[in-house]
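Novice: Generate coordinates for the sequence data below:
(one chain, ligands or ions: 1)
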Amino acid sequence: MTVEYIRYRIPGDTTAFEDAYRRAARFLAEAPQCADFELSRCTEEPSAYILRITWTSPEDHLKGFRTGDLFPGFLAEIRPYIEAIEEMRHYEPTTVRGTGRATPSLYEWAGGAEAFENLTSRFYEKVLVDDVIGPLFAHMDPGHPRYVAMWLSEVFGGPSRYTDERGGYPHMLGQHLGRSITEPQRRRWVSLLMDAADEVGLPDDPEFRAAFAGYIEWGTRLALANSQPGATPPHQAPVPHWGWGVAPPYQG
Ligand code: HEM
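Specialist: As a prediction, the model looks like this:
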């Protein structure tokens, strides 16, 4: 990925400029070389604008988009503003990136460590007496519910306790390898976890539950795949971090 920044200075009325970019945006939106884009206006100096476009690579931008079918339409819209460009360059993203605390994590929204401990404690009570998956867990480590709570807390944005205290992803993976989990067992695992979530009062708003269920669906499918004979999953990886996805927390 490469990020192109185009800085404009538009003296006087900027309405026509923004309208032109509203029309030009459709050509960017259709470009397979374009990951995303955004036009921002300077708060302190309203004649200054920055257009940010993330391209799949500089070559894809310069050789793909610029020589492709979409470029003439795009250029026709923005041509009157070429003279107003003050900078137009590609930048390589560095590893310095992250998110702030403006949006609560799923971990915070759920109620923190205690909420996940209550969840897994109720879940494994149900698991142990279940006819489909009970036998798989008959000899489980007594700390298992707590360890899975630590894993889930870390995945959903809580402290990295599973990584720091329990061996992280490699340990969790090792616990599933060779277990030959079946689809009916996976389904029952999901179903009992969702029942436990209701019983312990995990937030039931659509946004939280959609994100929660999304991870559980993904995680159980990976656990099943990794548990099959001959599976060769990566042995080293970070604990995944799961966010809100397309539906942010409703705080209205
Ligand atoms: C999102 C899905 C899943 C998560 C997050 C998860 C999490 C974990 C974790 C963290 C451990 C290791 C605990 C430790 O540190 O000792 C573990 C072990 C285990 N998991 Fe999973 N798991 C998932 C899905 C499944 C499924 C679908 C099954 C089977 C139906 C399963 C069966 C087991 C078993 C049998 C163990 C070993 C328990 C023991 O004997 O101590 N897991 N799981």
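Novice: Right, and the ligand sits closest to which residue of this protein?
Specialist: Among the residues of the chain, Gly219 lies nearest to the ligand; the distance is 2.4 Å by C-beta to the nearest ligand atom. All C-beta spots, glycine's among them, are computed from the backbone N, C-alpha and C.
Novice: who touches the strand or helix carrying that residue?
Specialist: When secondary structure is defined using DSSP states H and E, the element that contains Gly219 is helix 206-226. When contacts are taken as C-beta atoms under 8 Å, 6 or more residues apart in numbering, the neighbours of helix 206-226 outside the stretch itself are 106, 109-110, 155-156, 173, 176-177, 181-183, 185-186, 189-190, 193-194, 197, 202-203, 231, 233, 240, 242-245, 247-250.
Novice: Cross-check those residues against the ligand and keep the overlap.
Specialist: Restricting the contacts of helix 206-226 to those adjacent to the ligand (criterion: C-beta under 6 Å from any ligand atom) gives His176, Ile181, Gln185, Arg186, Trp189.
Novice: Neighbour-wise, which one of the residues you listed leads?
Specialist: Ranked by neighbour count under the definition other C-beta atoms under 10 Å, these are headed by Trp189 with 23 neighbours.
Novice: So which bits of stretch 206-219 are buried?
Specialist: Counting neighbours by 16 or more other C-beta atoms under 10 Å, one finds that the buried residues in stretch 206-219 are Glu207, Phe208, Arg209, Ala211, Phe212, Gly214, Tyr215, Ile216, Gly219.
Novice: In a markdown table: those, plus pLDDT and distance to Asp130.
Specialist: As requested, those are exported to a markdown table (pLDDT from 0 to 100; distance: C-beta to C-beta, whole Å):
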| residue | pLDDT | distance to Asp130 |
| --- | --- | --- |
| Glu207 | 97 | 29 |
| Phe208 | 98 | 25 |
| Arg209 | 98 | 22 |
| Ala211 | 98 | 26 |
| Phe212 | 98 | 21 |
| Gly214 | 98 | 24 |
| Tyr215 | 98 | 21 |
| Ile216 | 98 | 16 |
| Gly219 | 98 | 19 |
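Novice: Which members of those are the farthest-apart pair?
Specialist: For the buried residues of stretch 206-219, the maximum inter-member distance is 18.9 Å, found between Glu207 and Gly219 (C-beta to C-beta).
Novice: what about the helix or strand hosting Ile6, distance to the chain center?
Specialist: Under the criterion of DSSP H and E, Ile6 resides in strand 2-9. Between the mean C-alpha location of strand 2-9 and the chain-wide mean there is a distance of 26 Å, by C-alpha atoms, centre = their mean, to the nearest Å.
Novice: can you list contacts of that strand?
Specialist: Residues contacting strand 2-9 (C-beta under 8 Å, 6+ apart): 17, 47-58, 61, 81, 84-93.
Novice: Secondary structure class of Thr103, three-state.
Specialist: Counting by DSSP: H, G, I helix; E, B strand; the rest coil, the backbone at Thr103 sits in coil.
Novice: How many residues are close by it?
Specialist: The number of residues packed around Thr103, counting by other C-beta under 10 Å, is 15.
Novice: Enumerate every residue touching it.
Specialist: Going by C-beta under 8 Å, 6+ apart, Thr103 touches Trp244, Pro248, Pro249.
Novice: So which of the contacts of strand 2-9 sit within strands?
Specialist: Where the contacts of strand 2-9 overlap with strands, as defined by DSSP state E, the overlap consists of 48-55, 85-91.
Novice: Determine which two of these are furthest apart.
Specialist: Farthest pair in these (C-beta to C-beta) is Ala48 and Trp55. Separation: 22.6 Å.
Novice: which one of those two has more residues nearby?
Specialist: Per other C-beta under 10 Å, whichever of Ala48 and Trp55 has more neighbours is Trp55, with 23 against 15.
Novice: Can you give me the pLDDT of the more buried one?
Specialist: We note a pLDDT of 98 for Trp55 in this prediction.
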